[in-house]
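Enquirer: the sequence and its predicted three-dimensional model are supplied below.
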Amino acid sequence: MRVLDVGCGVNKYPGSIGVDCNPASRADLLCDLDHFPYPFRDNSFDQIRAIHVIEHVSAVIGAVEEFHRLARPGGRILIVTPHYTDFSSFCDPTHRWHLNSFSFRYFGHDNAGFGYYSTVKLHEISVRLRLLAFWRWLGFEFAVNRWRRFRLFWEHYLCFVIRGKVIEFEFEVLK
């Protein structure tokens with residue numbers, strides 16, 4: 001299985017090809033992650049991993065479109081980012097975007113009428129939120145991850161009190 005670890009930093013995923021813009025990283029290839037296309041052929045990878053990188057790029061939609069181009073049909077894209085209510089989302093001055101658990105819906109069938117932003121189509125396999133430990137112990141993390149309608153209610157009304165920590169998205173590439 002060919003895996004591309006975008007923005008791999010010093011914790012490159014074992015067995016993957018790592019790309020990063022930082023020479024101090026463990027990247028196999030240094031490139032500007034804001035400049036598309038990346039130096040790989042279309043449909044080159046079975047999995048694209050972007051762990052704590054999407055919040056740093058200049059164009060979220062452009063980055064997802066590039067991940068889509070690089071992944072084979074049926075391939076997987078894994079994106080992990082801080083939830084916008086977490087302190088870490090705002091304490092890093094290199095973060096350009098502050099995202100929630102519905103931020104990538106434009107690429108799916110539930111695009112709320114805004115599917116014209118991109119022609120890229122992704123099937124949402126999972127969205128998993130991690131909450132701060134206290135709320136996890138009280139069962140809120142389970143409820144937010146178990147029922148999509150509760151997650152929507154939480155995003156609209158509760159997330160500034162019951163704060164999120166990290167969001168993990170997994171998508172299947174549709175071509």
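Expert: Looks like it arrived, so ask away. Numbering: from 1, shown residues only.
Enquirer: can you pull out the helices in this structure?
Expert: Along the chain, counting by DSSP state H, helices occupy 60-70, 87-91, 133-137, 140-146, 148-153.
Enquirer: quick check: the gap between Pro39 and Ile17.
Expert: 11 Å (Cβ to Cβ, to the nearest Å). Heads up, the C-betas are built off the backbone N, CA and C, glycines and all.
Enquirer: same question for Arg130.
Expert: Look at Arg130 and Ile17: by Cβ to Cβ, they are 27 Å apart.
Enquirer: please apply the same query to Gly75.
Expert: 14 Å.
Enquirer: what touches both of the two?
Expert: Counting by Cβ atoms under 8 Å, 6 or more residues apart in numbering, the residues touching both Gly75 and Ile17 are Phe45.
Enquirer: who's more crowded, the two?
Expert: More neighbours surround Gly75 than the other of Gly75 and Ile17, with 23 against 18 (other Cβ atoms under 10 Å).
Enquirer: contacts only, for the more buried one.
Expert: Asn43, Phe45, Asp46, Gln47, Ile48, Glu172, Val173.
Enquirer: nearest spatial neighbour of Ile125, skipping sequence neighbours?
Expert: For Ile125, ignoring the flanking residues on the chain, the nearest one in space by Cβ to Cβ, 6 or more residues apart in numbering is Glu170 at 4.3 Å.
Enquirer: same question, Lys12
Expert: Gly18 (4.0 Å).
Enquirer: which strand residues bridge the one you found?
Expert: Asp5 (DSSP bridges).
Enquirer: same question, Ile48
Expert: Beta-bridge partners, per DSSP bridges, of Ile48: Leu4, Ile77.
Enquirer: Tyr13 contacts Leu4, correct?
Expert: No: at 9.1 Å, Tyr13 does not count as touching Leu4 under the criterion of Cβ atoms under 8 Å.
Enquirer: I'd like to know how far Arg148 sits from Val127.
Expert: 8 Å.
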